[in-house]
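Colleague: Structure, please.
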Amino acid sequence: LFSKGPVIIEDSVHVGMFCTILPSTKIGHHSIIAAHSVVSGRIPPYSLVAGNPARIVMTFGKKKKFGK
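Modeller: Just a heads-up that it's a prediction; the model follows:
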């Protein structure tokens, strides 16, 4: 057996039922993966992804204040 690439799932990620996460995938922190999604590649932090293939539906999270 050999690996085709690592699967990295960062902190506070919610993965829906029956998802498929393919090799060489990185899912950023605080992301949500909808049920029945097929995920590959890089998913940025604070993203909601869904579909086959999974696509970013929306991004959310804290707004950064520059200069403070």
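Colleague: List the contacts of the spatially most central residue of the chain.
Modeller: Geometric centre of the chain, nearest residue: residue 27, 3.5 Å, by C-alpha atoms, centre = their mean. Residues counted as contacts of residue 27 (C-beta atoms under 8 Å, 6 or more residues apart in numbering) are 8-10, 13, 21, 33, 39, 43. Every C-beta, even on glycine, is put in place using the N, C-alpha and C of the backbone.
Colleague: got a winner among the residues you listed for most neighbours?
Modeller: residue 39 (26 neighbours; other C-beta atoms under 10 Å).
Colleague: can you pull the contacts of it?
Modeller: Neighbours of residue 39 in contact, by C-beta under 8 Å, 6+ apart: 19-22, 25, 27, 33, 49, 53-54.
Colleague: quick one, strands of this structure?
Modeller: Using DSSP state E, the strands of the chain run over residues 7-9, 14-15, 20-21, 25-27, 32-33, 38-39, 42-43, 47-50, 55-59.
Colleague: In contact with residue 17: list those residues for me.
Modeller: Residue 17 neighbours (C-beta under 8 Å, 6+ apart): 35-36.
Colleague: Need the per-residue pLDDT for the nearest residue to residue 18 once chain neighbours are set aside.
Modeller: The spatial neighbour of residue 18 that comes closest, neighbours along the chain excluded (C-beta to C-beta, 6 or more residues apart in numbering), is residue 36 at 5.1 Å. Looking at residue 36, its pLDDT stands at 97.
Colleague: Distance of residue 36 relative to residue 54?
Modeller: Taking C-beta to C-beta, to the nearest Å as the measure, residue 36 falls 10 Å from residue 54.
Colleague: Give me the more crowded residue out of those two.
Modeller: Remark: of residue 36 and residue 54, residue 54 carries more neighbours, 24 against 14, as counted by other C-beta under 10 Å.
Colleague: what ranges of the chain fall below the confidence cut-off?
Modeller: 62-68 (pLDDT under 70).
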